[in-house]
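S.K.: Provided below are the primary sequence and the corresponding predicted coordinates.
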Amino acid sequence: METIIHKVVVGSRLHKLNNDNSDYDYRGIFTVPLIEIISPFRRQKNTSWIEGKDDDTSFELTNFVKMATSGNPTVLEILWSDMIIESSVLGAILVDQKWHLLDTERIYKAHLGYSFNQQKKMDLYNPDPIRTPKTICAYIRALRQGTQLLYTGNFDTEYNYPDRDFLLEIKYDYKRSMVGRVSELMQQARQELEEAYTKTTLVLKPNFEWIENFLLSAYNA
């Protein structure tokens, strides 16, 4: 039996890069009975999703924590989202103490890797009318998120950079004439992340003792 401990809105509505027709993207964290974690005879369920129009995916707590310490951009925004659908005491503690999960080097590598994956999905010259604009925006937004994290250990969920209007134009009215400016913006965002990694004075490492004690209390609750 799954128990949701935290569920939020993510994606374009969280980042304020949506329009009236945008779907809702939900992400959550759930726990299962301890026996399902420790038993060698049961197959662990790491993710759960609800079928429907909207994207509604949740991650099992131990798997979630592992991905968070790896700097996974998709997972980290769950901890920063202020559009909370539901949250338990455990969820609130995890959000409040999220800095125990951060790793400077892994944040850099994970956000850079995420951007490369988005780039593989786009074709600037012969674009899929939905896929390419979405992946361009995800590429730029995630790199900016990673840059903020590297400098401050925090990031703004609302995309509020000077190029915000251009990002909205890309997402909802992309044209091949934008290729030059898009390429420059993508290169700039990547350079900013790389510069942040080399210049930041913030060195973050996961607090494994805190994480393990949190997990013990979560499954013994």
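M.R.: Nice, I can see it.

S.K.: then stretch 161-170 to CSV, C-alphas only?
M.R.: Presented in CSV, the C-alpha positions along stretch 161-170 are these (Å, rounded to 0.1, in the frame of the first residue of the first chain):
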residue,chain,number,x,y,z
TYR,A,161,14.9,36.2,-16.3
PRO,A,162,15.0,39.0,-18.8
ASP,A,163,14.5,36.5,-21.7
ARG,A,164,11.2,35.2,-20.2
ASP,A,165,9.0,36.7,-22.9
PHE,A,166,11.3,35.2,-25.6
LEU,A,167,11.0,31.8,-23.9
LEU,A,168,7.2,32.1,-24.0
GLU,A,169,7.4,33.0,-27.7
ILE,A,170,9.6,30.0,-28.3
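
S.K.: would you list the phi and psi of residue 55?
M.R.: phi -80, psi 110 (degrees, to the nearest 10).

S.K.: look at it and report its pLDDT.
M.R.: According to the per-residue confidence, residue 55 scores 89 in pLDDT.

S.K.: any idea how many residues pack against the closest residue to residue 215 other than its chain neighbours?
M.R.: Closest residue to residue 215 apart from its sequence neighbours, by C-beta to C-beta, 6 or more residues apart in numbering: residue 62 at 6.4 Å. For glycine as for every other residue, the C-beta is placed from the backbone atoms N, C-alpha and C. Residue crowding around residue 62 was assessed by other C-beta atoms under 10 Å; the count is 17.

S.K.: element containing residue 62?
M.R.: Remark: residue 62 resides in helix 61-69, with elements defined by DSSP states H and E.

S.K.: mind giving me the packing neighbours of that helix?
M.R.: Under the contact criterion of 3 or more C-beta pairs under 8 Å, 6 or more residues apart in numbering; DSSP states H and E, the helices and strands touching helix 61-69 comprise strand 25-31, helix 73-80, helix 208-220.
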